[in-house]
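Q: With the sequence up front, the predicted model follows.
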Protein chains: 2
Amino acid sequence: MSSDLHGPVVPTPQAIGRFRPLPANRVRLAPDGLLGGWQARNTAATLPHCVARVETYGNLANLRRVTGDSDAEYRGYWFADTDVHKTLEAAFWSGTSAAFAEEAAALLEKAQDPDGYLVSFYQEPATRDRRWTELHFSHEMYTAGHLIQAAVAAARSAPGDAVAQQVVAVARRFADLLVRRYESSNEVDGHPEIETALAELYRVTGHRPYLDLAARFVENRGHGTLGEGRFGAAYYQDHTPLRTADEVTGHVVRQLYLLAGAVDVAVETGDTELLAVTERLWDSALDTRTYLTGGQGSRHRDEAYGDAYELPPDRAYAETCAAIASFQLGWRLLLATGKVKYADEMERVLHNAIAASTATDGTAFFYSTPLQRRTGHDGGGEYARGHRLDWYDCACCPPNLARLMASLHTYAATGDEDGLQLHLYGSGEFTAGDRAVRVETRYPWDEQVTVTVTATTDTPWALTLRVPAWCSDVRLTINDTPAVVRVQNGHLRLHRIWHTGDRVVLTLAMPARLVAAHPRVDAVRGTVALVRGPLVYCLEHVDMPDALFEDLALDPAAPISVAYHDSGLAPVTLRVQVGVPANSHVALYGPFPLAAATAVQHTVTAIPYFLWANREPGPMRVWIPLAPQVD
Amino acid sequence: MSSDLHGPVVPTPQAIGRFRPLPANRVRLAPDGLLGGWQARNTAATLPHCVARVETYGNLANLRRVTGDSDAEYRGYWFADTDVHKTLEAAFWSGTSAAFAEEAAALLEKAQDPDGYLVSFYQEPATRDRRWTELHFSHEMYTAGHLIQAAVAAARSAPGDAVAQQVVAVARRFADLLVRRYESSNEVDGHPEIETALAELYRVTGHRPYLDLAARFVENRGHGTLGEGRFGAAYYQDHTPLRTADEVTGHVVRQLYLLAGAVDVAVETGDTELLAVTERLWDSALDTRTYLTGGQGSRHRDEAYGDAYELPPDRAYAETCAAIASFQLGWRLLLATGKVKYADEMERVLHNAIAASTATDGTAFFYSTPLQRRTGHDGGGEYARGHRLDWYDCACCPPNLARLMASLHTYAATGDEDGLQLHLYGSGEFTAGDRAVRVETRYPWDEQVTVTVTATTDTPWALTLRVPAWCSDVRLTINDTPAVVRVQNGHLRLHRIWHTGDRVVLTLAMPARLVAAHPRVDAVRGTVALVRGPLVYCLEHVDMPDALFEDLALDPAAPISVAYHDSGLAPVTLRVQVGVPANSHVALYGPFPLAAATAVQHTVTAIPYFLWANREPGPMRVWIPLAPQVD
């Protein structure tokens, strides 16, 4: 058997941790499942698309300017290198795009300054002198962080490979520069990312100064060294030390990357107080500032959290990278604490906000994932786009998706001395040491998850299955015999002596459900959302006449039917009854209650939110108005 | 008797027009009424404040750079001169601030280039060459327009005055330059304003080329000469010719100023088709894109209209200048058509959005007038501020308020051969030729408006009183005798031989009312607003405990009481019954229907919206959640 190769986030053996990730090469998602299908599409389409775009959008050329191999103008943002780094990370996790990896590695090595510095924007003659002088803005350590994460992927995926070693060497030279420069400094980068990268590099190398510097950066933040900037210190979480923060705030990706780094530092240093801080802030996000899709970030202007309960569906920012960051943070907290709520949230954000960001063909992307689109117009930057774009001037999201999807298999299950835990349900094979299972399921389209033991030991061990909080009706058979269902803290722990071929069938009932938001969420008062299993559904204009879409209202007492399809966009759609007033025109404002017209009943189709905007552009809504109640 | 002096908007005798404005010096608002009080405060506080700020914020210094009398850095926006022009216009309308007017007039004359050009930003050595080359951006004709409007005020208010003549001469030289440069051009300015200014200058001077150029600019727009810019051609209404537009779009102030210019051109040229276009677009704004306060503009990013029914109360932009522009457009349409709806809207926007923009002391201002403020935080540019500011970097609104309030008396009443029409109710005296009335009222605090005939002719004439659309209970006495109320098209026309001392008492019943929005207005679904007479009310945090403010819900069946006060912030407040759940914490999302907790009843006070934020900063809301109906 080949040696273990690891994926993202591998705490050291001495770290705080309830669950341990499985080696990446002991896990496989089947491409005919939803998760495995996404991963296969990523390998076949998204990653090659990213490889092509970092060439055509000039990211590689920016680096070639440094090496003297290009005289094209510098192009894009000052952190444009990170698109290369994230694509490289994805290439390593996927084990594909080797030619790109080889070229990128050589280019990075050649472009690196002798002292280890490597940010092509600040290697320009006109900007060299600004290095390290504008940390609130420069993203230099953010760029270093993504380079380091590519190196971590290289080291873990291809430890003996020369190209991988080249990338690791480049990243370490940059990391060593950071250690020399900042190990006694009180400064921080305006965009967190370096913290988790350095902690991961420590895990790969065992070199303690990396972890120490990550810890230092976590503690340095919150002392106002970045200044007020355009949006205030809270924008980059520099308004208060992390340990004293009560609420998530500011730029969402920065907040979540910072928390991911803080978890990594906390578990590696045994800092339970810091770990508790990250859990408290995660709660603050989930309790007051998270969309039903798992997206976070209500405001376009500063890509930021809004106030508590400020969750407008149409003006939602809900950046794709924020959803990815939430997934990555959830995984860290799941590993550290074993609490099922983190896996539940990973499932929600993965199946809704993250999944929606990519077109069915894998080559177009949403930057922002709003829950409502009002008209057929594209309103530009601040407002919801009606179609996914091939690429962006600030293309942080597509390669971020590529690196997440390339490593998606590593997030589905964990192991520990007790046995094997399944957190995300998708067809595939999962091995924890001498124990292994095969999962077969059409989840989340289907309610059944079949788990077959494919390798085992003679001693008893536990197969632990996550029972999502949304599920109130769980059934179980073991070798076709109904078994007692005892869910504890969201986990179904089946502890016994397992035999090869033992077969567990978990049924998570998925009736269509109506969900309401907290009364303080002004923006969706008087509406409900349709949900089935982990999937949020939406109404899309192409499934009904325009006037119906504009004026429909749902009768919550009417039944909702579930329709299964062998072909078409969605394997499962929902059919709901709605009414529209016979004469819907009323003045913009009128005496309460407005005159109720006779409602005409229709049945309309709802599709999974993540599949919207794959047909023609137009309006969409997740939150459906409730029909006025007749006295 | 002195000769007639006129206010803003005086169509020529041959223009299309149903009503004619009264001469400004034949109208007086009493300072103890609400309208007259606002005007008096403007003269005493706001206008002197503007005079001081255009000095301290460098607007005058920018002009002195041109004359060689200042070496301070150029300061502010490229259209900073307009703050001087609007303040100067206000000074002329008010007949005060003579020293400022004299100084400004001399400075403008000295700063003007020999060819008539006068935009200090583009008289800088570094920018001279950019003149007329970046019309999508430059605001050069917008700046000329405000200069011209100051000259119109000078000519009408102080025709024999040397300072006034100096301003008129300066403005005509600039207008003549525009005529020479653009009379055969297909270009337009990115920011409409010049159209109405030139039409008004034509009215003052009788010089036809000014009107022709205004008409040309109206027709030139919509042919894409401005390019797409940052926000698309619709931002400056250059996406389609005005005559073909079906909906208001883009930057609200630009749209409304353009429509005002189009009305002026239409009535002066007898172009009934163009007049109909302006009415159609006004309808589009009022039917789908106007806040309950009369504010317009849902989007901060481009200060623009949203989609139809996109009217978020918390993220409302609702710029003060847009409200002023709506008022000015309404007046033009009222004069042209005589339709009461235009006066109704003038009343609404004046008493709510416009009134809210100024602090009670007259020296602090809102740029944006949202209908909800969520927390105690100031969210910065895109979001609602919780307090009015002394001045702004882009200070378009304060001097715009000053010029409006300085001429407010001219908007209250009109005359024609038929008699005298009262449109806005405030204490004061109104003279139309040989006929005159005195109005005494505490409107809108009080329901009664007493009109006494103070001058009359021997022949019958009509005293016409507007009956607002919000009023469903109108009573009338003439010389203490109840009279039959016959409202036709919103007007109560009392046609008879009037005698001096005749006394009409109009009673417009003002019960507190609950108003709901069209079901398509997603952002305020499941809420109602409290309205009394023309005033929108709001709940402000300082009037109740924080937790109550956050969680209250209104029972629409409970009575609302009206409370009168002799002192304090508001003469009339409303008292409403609300409930809050005994235990209000529920998860952010949950199964519909959410578990209803026992509601605890409270009575809370609502204040007029326009008076909010005059105590301590904090949350406010106009739209009040409705208590869930119990089945």
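A: On my side now, so go ahead.

Q: measure stretch A:559-569 end to end?
A: End-to-end span of stretch A:559-569 (C-alpha to C-alpha, to the nearest Å): 23 Å.

Q: what distance separates that stretch from the middle of the whole chain?
A: How far stretch A:559-569 lies from its chain's middle: 27 Å, per C-alpha atoms, centre = their mean, to the nearest Å.

Q: Looking at whichever residue of the stretch 201-350 of chain A sits closest to chain B now. What's its pLDDT?
A: Among all residues of the stretch 201-350 of chain A, A:Arg301 sits closest to chain B, at 4.0 Å; criterion: C-beta to the nearest C-beta. Placement of C-beta: from N, CA and C, glycine included. You'll see A:Arg301 listed with a pLDDT of 85.

Q: now it: how far from A:Gly229?
A: Using C-beta to C-beta, to the nearest Å, we find A:Arg301 at a distance of 13 Å from A:Gly229.

Q: How about the closest residue to chain B within chain A: what's its closest non-neighbour residue?
A: As assessed by C-beta to the nearest C-beta, chain B sits closest to A:Gly526 within chain A, at 3.1 Å. Using C-beta to C-beta, 6 or more residues apart in numbering or on different chains and skipping the chain neighbours, the partner closest in space to A:Gly526 is B:Gly526 (3.1 Å).

Q: measure the one you found to B:Val604 for me?
A: Taking C-beta to C-beta, one finds B:Gly526 at 18 Å from B:Val604.

Q: now swap in A:Glu319 and tell me
A: As judged by C-beta to C-beta, A:Glu319 and B:Val604 stand 38 Å apart.

Q: More neighbours: which of these two?
A: Legend: neighbour count by other C-beta atoms under 10 Å in any protein chain shown for A:Glu319 and B:Val604, higher for A:Glu319 (27 against 19).

Q: ok, that one - contacts?
A: For A:Glu319, the contacting residues are A:Val252, A:Val253, A:Gly295, A:Gly297, A:Glu303, A:Tyr367, A:Ser368, A:Thr369, A:Cys397, by C-beta atoms under 8 Å, 6 or more residues apart in numbering or on different chains.

Q: let's see 10 Å
A: By C-beta atoms under 10 Å, 6 or more residues apart in numbering or on different chains, A:Glu319 lies in contact with A:251-253, A:295-297, A:300, A:303-304, A:325, A:353, A:357, A:366-369, A:396-397, A:400.

Q: how close does it sit to A:Ala517?
A: Taking C-beta to C-beta, one finds A:Glu319 at 21 Å from A:Ala517.

Q: tell me the centre residue of chain A?
A: In chain A, the centroid-proximal residue (C-alpha atoms, centre = their mean) is A:Ile324; its distance is 2.1 Å.

Q: Quick check: phi and psi on it?
A: Dihedral pair for A:Ile324: phi -60, psi -40, per degrees, to the nearest 10.

Q: so A:Thr454 is in which element?
A: In the assignment (DSSP states H and E), A:Thr454 maps to strand A:448-455.

Q: Which stretches in the stretch 401-550 of chain A count as strands?
A: Counting by DSSP state E, counting those that start in this stretch, the stretch 401-550 of chain A has strands at residues A:413-416, A:419-422, A:428-432, A:435-441, A:448-455, A:461-466, A:474-478, A:481-482, A:487-488, A:491-496, A:503-508, A:512-517, A:527-532, A:535-540.

Q: Figure out which of those is closest to B:Gly36.
A: Each of those was scored for nearness to B:Gly36 using C-beta to C-beta, and the closest is strand A:527-532 (45.7 Å).

Q: And the average pLDDT for that closest one is what?
A: On average, strand A:527-532 scores 98.

Q: residue ranges with poor pLDDT in chain A?
A: The model of chain A has pLDDT under 70 over residues A:1, A:376-385, A:584, A:629-631.

Q: The same query, at a cut-off of 50, please.
A: Applying pLDDT under 50 to chain A picks out residues A:379-380, A:382-383, A:631.

Q: Identify, by residue count, the longest helix of it.
A: Longest helix in chain A, counting residues (DSSP state H): helix A:162-182.

Q: Same question for that helix: list its buried residues.
A: Within helix A:162-182, the residues that count as buried by 16 or more other C-beta atoms under 10 Å in any protein chain shown are A:163-168, A:170-175, A:177-179, A:181-182.

Q: For A:Val188, which residues are in contact?
A: A:Val188 makes contact with A:135-136, A:141, A:182, A:194-195, A:216-223, A:225-226, A:236-238, A:258, according to C-beta under 10 Å, 6+ apart.

Q: Please list only the buried members of those residues.
A: Using 16+ other C-beta under 10 Å, the buried members of the contacts of A:Val188 are A:135-136, A:141, A:182, A:194-195, A:216-222, A:225-226, A:236-238, A:258.

Q: Helices - which of these land there?
A: Secondary structure defined by DSSP H assigns A:Leu135, A:His136, A:Met141, A:Tyr182, A:Ile194, A:Glu195, A:Arg216, A:Phe217, A:Val218, A:Glu219, A:Asn220, A:Leu258 of these to helices.

Q: Against chain B, which of those residues make the cut? List them.
A: Contacts with chain B within those, counted by C-beta under 10 Å from any C-beta of the partner chain: none were found.

Q: In a markdown table: those residues, plus distance to B:Thr507.
A: Shown next, in a markdown table, are those (distance: C-beta to C-beta, whole Å):
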| residue | distance to B:Thr507 |
| --- | --- |
| A:Leu135 | 68 |
| A:His136 | 63 |
| A:Met141 | 72 |
| A:Tyr182 | 76 |
| A:Ile194 | 72 |
| A:Glu195 | 70 |
| A:Arg216 | 75 |
| A:Phe217 | 71 |
| A:Val218 | 69 |
| A:Glu219 | 70 |
| A:Asn220 | 69 |
| A:Leu258 | 64 |
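
Q: which of those lies closest to B:Val485?
A: Once C-beta to C-beta is applied, the member of those that ends up nearest B:Val485 is A:His136, at 67.1 Å.
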